[in-house]
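In: have a look at this prediction, sequence included:
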Amino acid sequence: MRTAAPLLLALGLVACATTESGVSTYTLGRGLVNYDAMVRAKAECASAGGEVRPKGAQGEDPAQMSNYVCSIPKKAAQP
């Protein structure tokens, strides 16, 4: 299971979607939020120039990793 989380995050990064606001985002994957998973997700997101944020929709469970996104400004997303 520990090897599946980085794989899911890598797939999420590959499949990131760009919005018209100039920000690329990808979800942090599936599963429950725990300290280790969030530290890894924040480190991977920061290495891409982004910041982990909640999706912000009303009624979403904050204990689910899928309810968080890595938000990467367009300037940082381009090589």
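Out: Arrived safely.
In: the bottom helix or strand of this protein by mean pLDDT?
Out: strand 17-18 (a mean of 43; mean pLDDT, DSSP states H and E).
In: confidence score at the nearest residue to residue 67 once chain neighbours are set aside?
Out: Nearest residue to residue 67 in three dimensions, chain neighbours excluded: residue 60, at 4.4 Å (C-beta to C-beta, 6 or more residues apart in numbering). C-beta coordinates here come from the backbone N, C-alpha and C atoms, glycine included. pLDDT recorded at residue 60 is 81.
In: do the same with residue 16
Out: 45.
In: oh, and call the first residue 4 from now on, that's how I've got it
Out: Right, with 4 as the first residue, what we last looked at is residue 19.
In: endpoint to endpoint, stretch 52-68 covers what distance?
Out: 19 Å (C-alpha to C-alpha, to the nearest Å).
In: before we move on, what about stretch 45-56?
Out: 9 Å.
In: one step back: any idea how far residue 47 is from the residue nearest to residue 70?
Out: 21 Å (C-beta to C-beta, to the nearest Å).
In: neighbour count for those two, which is higher?
Out: residue 47 (19 against 13; other C-beta atoms under 10 Å).
In: what about that one, distance to residue 60?
Out: Taking C-beta to C-beta, one finds residue 47 at 23 Å from residue 60.
In: and residue 26, what are its bridge partners?
Out: For residue 26, the beta-bridge partners under DSSP bridges are residue 76.
In: just confirm it contacts residue 74, I think it does.
Out: Yes: between residue 26 and residue 74 there is a contact at 5.6 Å, judged by C-beta atoms under 8 Å.
In: any stretches of the protein with poor pLDDT?
Out: 4-25, 79-82 (pLDDT under 70).
In: could you pull out the helices for it?
Out: In the chain, the segments counted as helices under DSSP state H are 7-17, 38-50, 77-80.
In: which ones are touching residue 74?
Out: By C-beta atoms under 8 Å, 6 or more residues apart in numbering, the residues touching residue 74 are 26-28, 53-56.
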